[in-house]
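Peer 1: Sequence and predicted structure, then a few things I'm wondering about:
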Amino acid sequence: MRGRTAYILILSVVSLLAIGIVMLQSTGAFAPDSRGDMYHFVRRQTFWLCIGLVVLVGASLTDYRWWGKFWPHLYALAAVLLVLCFVPPIGMKINGSWRWINLGFASFQPSELAKVASLVFLAWWYHRHENETKSFLRGFVMPLGAVALLIGLIAMEVDLGASALIGLTAVCVMFVGGASLLWLVPMFVAALAGLVYAVLHNPERFARILAFLDPEKARLDEGLQQWQALVAFGSGGVSGAGLGNGRLKMLYLPYAHTDFIFPMIGEELGLRFTLLVVFCFLLMLLAGALIAMNAKDRFGMLLGFGITIVIALQAAINIGVTTSLLPNKGMPLPFISYGGSNLAVNMLLVGILLNIHRQGRRLPKPRTRAVPATSLAVRF
């Protein structure tokens, strides 16, 4: 099984990418910002996919321990780019949030790079201070403070989804790294309480919670997206309405090509393909776990585990939101939703995971005990 782990991982990613491009072609033409060009989003996504493939190949050929050596540079770059989000004209304010920077030829979301910086830093820290993971200062306060700085900058952009994703992933990595539950559990409870406080004191987010609790009552305002998503799943049934025959994408379901592309898969391709998407993510989770467990060293194990968790959590949150199992929070579906920054960074993470696999522990070959020729002669 371990020898085929990389093939399983690559097959899962390729399958998700193929479904994403096909569905983007079907849904992107009806998006309000498609500029009347039915291939607008497909071309841009293909452009980022090419960049992602180059990044994936480069990362798979680069020793993953290189990231541990240069984590300060990566961390500083992520922090600087997050600050630049608030500096126009470099920073771009879209839909009331300062989440993007203008690259000239495209826009980039620095919070995606912050995910990588956080994972690399935590893996390096708990590898470097393996004997001090239970201490309060080096095992809890210092690593948490470094990650909290990036999370704070992202939260100031009004991006609670990315903040929560990085924070939850950090807690998982810290737990596996050996941090004491005596500190992690109270910190998690406090963070959850802070999130509840922020939601209750924000009318828009509080309305989303109410819409989640009673989606039918709020189906015309805050619950519109999730209600229409459920209609899309119901309309598709098992076999789907057929590729290109979906109706909800025709301005009925906002952001059908980004955060809510999963219901469009259900409407046009049916239950079989939605289950295929879930199955691909489960295969990625299994492959990533096997790669992490067979890593050459502790740094590779923690980095592989963090990469697997951050992709799996993002997929789980998106699927949970679009199926009304979680409150509405904009988050793209990895490898499928439209979004160049997310796609390129996820391809980078997969490339690092492949390199961890390439350099993983080699299982010893079973030794065959030599049988003397005389004993063979006696036996026969």
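Peer 2: Everything's here; your move. As the structure is a prediction and not an experimental result, all values here were calculated from the model.

Peer 1: now the helices: where do they sit in the stretch 101-250 of the chain?
Peer 2: Assigned by DSSP state H, counting those that start in this stretch, the helices in the stretch 101-250 of the chain fall at 110-128, 136, 142-156, 160-177, 181-200, 203-213, 224-236.

Peer 1: so which of these gets nearest Val350?
Peer 2: Closest approach to Val350 among these is made by helix 110-128 (11.9 Å; C-beta to C-beta). C-beta: built from backbone N, CA, C; applies to glycine.

Peer 1: If we go by neighbour counts, what in the closest one is buried?
Peer 2: 110-127 (16 or more other C-beta atoms under 10 Å).

Peer 1: Likewise for stretch 208-220?
Peer 2: In terms of neighbour count (16+ other C-beta under 10 Å), stretch 208-220 has its buried residues at Arg208, Ala211, Phe212, Pro215, Ala218, Arg219.

Peer 1: follow-up on the earlier one: give me whichever of the helices of the stretch 101-250 of the chain is most buried.
Peer 2: The highest average neighbour count among those, using mean count of other C-beta atoms under 10 Å, belongs to helix 110-128 at a mean of 24.

Peer 1: That one packs against which elements?
Peer 2: Here helix 110-128 touches helix 65-69, helix 71-84, strand 97-102, helix 142-156, helix 160-177, helix 298-322, helix 340-358, going by 3 or more C-beta pairs under 8 Å, 6 or more residues apart in numbering; DSSP states H and E.

Peer 1: so where's the chain shaky on pLDDT?
Peer 2: By pLDDT under 70, the weakly predicted segments of the chain are 1-3, 35-36, 96, 361-380.

Peer 1: residues touching the spatially most central residue of it, list them.
Peer 2: The chain has Ile311 as the residue nearest its centroid, 3.1 Å off, counting by C-alpha atoms, centre = their mean. By C-beta atoms under 8 Å, 6 or more residues apart in numbering, the residues touching Ile311 are Phe281, Met284, Gly288, Pro334, Asn346, Leu349.

Peer 1: 6 Å instead?
Peer 2: By C-beta atoms under 6 Å, 6 or more residues apart in numbering, the contact set of Ile311 is Pro334.

Peer 1: what's the span of stretch 174-187, first residue to last?
Peer 2: Length of stretch 174-187, first residue to last, C-alpha to C-alpha, to the nearest Å: 12 Å.

Peer 1: which residues are contacting that stretch?
Peer 2: Counting by C-beta under 6 Å, 6+ apart, residues outside stretch 174-187 touching it are Tyr126, Thr133, Lys134, Gly139, Phe140, Leu302, Phe305.

Peer 1: Turn the helices of the stretch 101-250 of the chain into TSV, columns for distance to Ala59.
Peer 2: Shown next, in TSV, are the helices of the stretch 101-250 of the chain (distance: least, C-beta to C-beta, whole Å):
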stretch	distance to Ala59
helix 110-128	10
helix 136	35
helix 142-156	21
helix 160-177	19
helix 181-200	30
helix 203-213	36
helix 224-236	34
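
Peer 1: For Ser341, which of the ones you listed is the nearest?
Peer 2: helix 110-128 (4.5 Å).

Peer 1: show me the contacts for the nearest residue in space to Trp67 that is not next to it in sequence.
Peer 2: Nearest non-adjacent residue to Trp67, counting by C-beta to C-beta, 6 or more residues apart in numbering: Val120, 4.8 Å away. By C-beta under 6 Å, 6+ apart, the residues touching Val120 are Trp67, Trp71, Leu74.
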